[in-house]
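**Student:** what follows is a predicted structure for the sequence shown.
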Amino acid sequence: MDMRYKRNGFLTFCFSCLPGAGQMFLGFMKRGISLMALFFGTIGLASYFRIDFLLFVVPIIWFYSFFDVMNKNALSQEELNSLPDHFLWMEEDDFQLLSRERTRKIIAIGMILVGCYSLLQMAWNILRDIFGALPDWLYEGIFYDLPRILFSLVIIIVGIYLIGVHKPDQIEGE
C-alpha cells in the first residue's frame, strides 16, 4: 500500500518550512528523516564544536528541502508514486555494505567517547570547586579546543577513507 499522495497545498507549505517534515508529510520518510538529521545535526555540530563556517550550509539545506517538497507536490500522482524513498547519503543497496556488527561497534565507540568526555568535564568541575580557580587556558584547551581538533581529525580521516574506497563493480581504469 503506497501512502504517497498529494496533500493540501497550504499544509504542505507549512510542513515544508521545517527541513524533512514536508518530505515526511508527503510520505517520503527516509528522505525526510535524513534531511532533518542533516539540518539539525549541522546546527548542533556547528554550535558544539564552534565551527561557524558550517552555519553557511544550513540555509542551503533549508532551501533544498523546501523546494524538494514543493516540486514533489507539483508532480502528478503517478509520478509521485514512482519516486523512490531513500536516505540522502546512501541508496538501499548501500546498507548491505554496512554490517550490523561494524555499525554497532562504531556506535559503541562513539558512546564511550562521549561518556568519557562527559565524565572528564564533570571531574574538572569538581576539581575546580575543591581547589578554587584553575587556569582558564587549560579549561579552554581541554573542553573547547581539543574537541574541535578531534572533530577536524575525524573529518580528515573520513575524507581520506572515502577517497580510497571504491565499489567492487567499478572497472579498473575509470
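**Tutor:** Here it is on my side, so go on.

**Student:** where do the helices sit along this protein?
**Tutor:** Under the criterion DSSP state H, helices of the chain are mapped to 9-16, 21-25, 29-48, 57-74, 77-82, 100-131, 136-140, 146-164.

**Student:** how many neighbours does Pro19 have?
**Tutor:** Per other Cβ atoms under 10 Å, the neighbour tally for Pro19 reads 25. Every residue, glycine included, has its C-beta placed from N, CA and C.

**Student:** I'd like the helices of the chain as a markdown table, with mean pLDDT, mean neighbour count and distance to Leu88 appended.
**Tutor:** Below are the helices of the chain laid out as a markdown table (pLDDT from 0 to 100; neighbours: other Cβ atoms under 10 Å; distance: least, Cβ to Cβ, whole Å):
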| stretch | mean pLDDT | mean neighbour count | distance to Leu88 |
| --- | --- | --- | --- |
| helix 9-16 | 90 | 15 | 16 |
| helix 21-25 | 92 | 21 | 10 |
| helix 29-48 | 89 | 17 | 4 |
| helix 57-74 | 93 | 16 | 9 |
| helix 77-82 | 87 | 12 | 18 |
| helix 100-131 | 75 | 10 | 18 |
| helix 136-140 | 72 | 11 | 35 |
| helix 146-164 | 78 | 11 | 15 |
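
**Student:** am I right that Met70 is in contact with Gln23?
**Tutor:** No - checked against Cβ atoms under 8 Å, the pair Met70 and Gln23 is beyond contact range at 11.1 Å.
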